[in-house]
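1. Could you work out the structure for the sequence below:
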Amino acid sequence: MPSPARGAEEMRELVHALRRYAEASDRVVEAAGQEHGLFRTDLRALALLMQRQAEGLQTTPKDLGRLLNLTSASTTALVDRLVANGHARRSRSTTDRRSVIVHHTPQALEDGRAVFAPISEHMMRRLTGFSPEQMRTAAEVIAAATGALDDLDGAGGPAQ
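-> Alright, predicted model coming up:
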């Protein structure tokens, strides 16, 4: 925690507000996903697949398991479920025919929009009263808070 310097109380309030936002986000996204037959882990996996594919990266089941912190058995069940629901497909790697690559499908994009578009639209309606400058500042604050969490992610403590 910061020392009792100027703004420390405001920082604590902001950290608590971000925590409440994260909790509310988890609840809403989980409920919306379930309405479309998607578990939270399914949504996280699809988001990773889409991000990595957009970055030109191939994703193996092992990659998914590592990124989602899942056991091998849980990863297999996840990929099987995504394939069965039409949200993912498997293919052989073009560089190593022994490796399997997992891809998201157009159906995953469509279902992702169905889950997230109403949430985004509602949030944007609630944010219309803020100026572009306030929005930029808020985005910077959230990016800094996200960076702090990324520092701690999987490292067991702050990055040195």
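
2. residue ranges with poor pLDDT in the protein?
-> Within the chain, the ranges that satisfy pLDDT under 70 run 1-6, 154-160.

3. which one's the longest helix in it?
-> helix 8-35 (DSSP state H).

4. SS state for the residue nearest in space to the middle of the chain?
-> With distances taken as CA atoms, centre = their mean, Arg44 lies nearest the centre of the chain, 5.2 Å away. Secondary structure, DSSP: H, G, I helix; E, B strand; the rest coil: Arg44 is helix.

5. now do Ser91
-> Following three-state DSSP, we place Ser91 in the strand state.

6. In space, what's closest to it - neighbours in sequence excluded?
-> Counting by CB to CB, 6 or more residues apart in numbering, Ser91 lies nearest to Ile101, which is 5.2 Å off, once chain neighbours are set aside. The way it works is simple: take the backbone N, C-alpha and C, and place the C-beta from them, glycine included.

7. now for the helix or strand hosting that neighbour, which elements pack on it?
-> Ile101 belongs to strand 100-104 when assigned by DSSP states H and E. Strand 100-104 sits against helix 40-54, helix 61-68, strand 88-92, with contacts defined as 3 or more CB pairs under 8 Å, 6 or more residues apart in numbering; DSSP states H and E.

8. Repeat the analysis, applying 10 Å as the threshold.
-> Applying 3 or more CB pairs under 10 Å, 6 or more residues apart in numbering; DSSP states H and E, we find strand 100-104 packed against helix 40-54, helix 61-68, helix 72-84, strand 88-92.

9. Quick check: buried residues in the last one?
-> This points to strand 88-92. Residues Ala88 are the ones in strand 88-92 that count as buried (16 or more other CB atoms under 10 Å).

10. cool, the second one as well?
-> If you call a residue buried by 16+ other CB under 10 Å, then helix 61-68 has these buried ones: Pro61, Asp63, Leu64, Gly65, Leu67.
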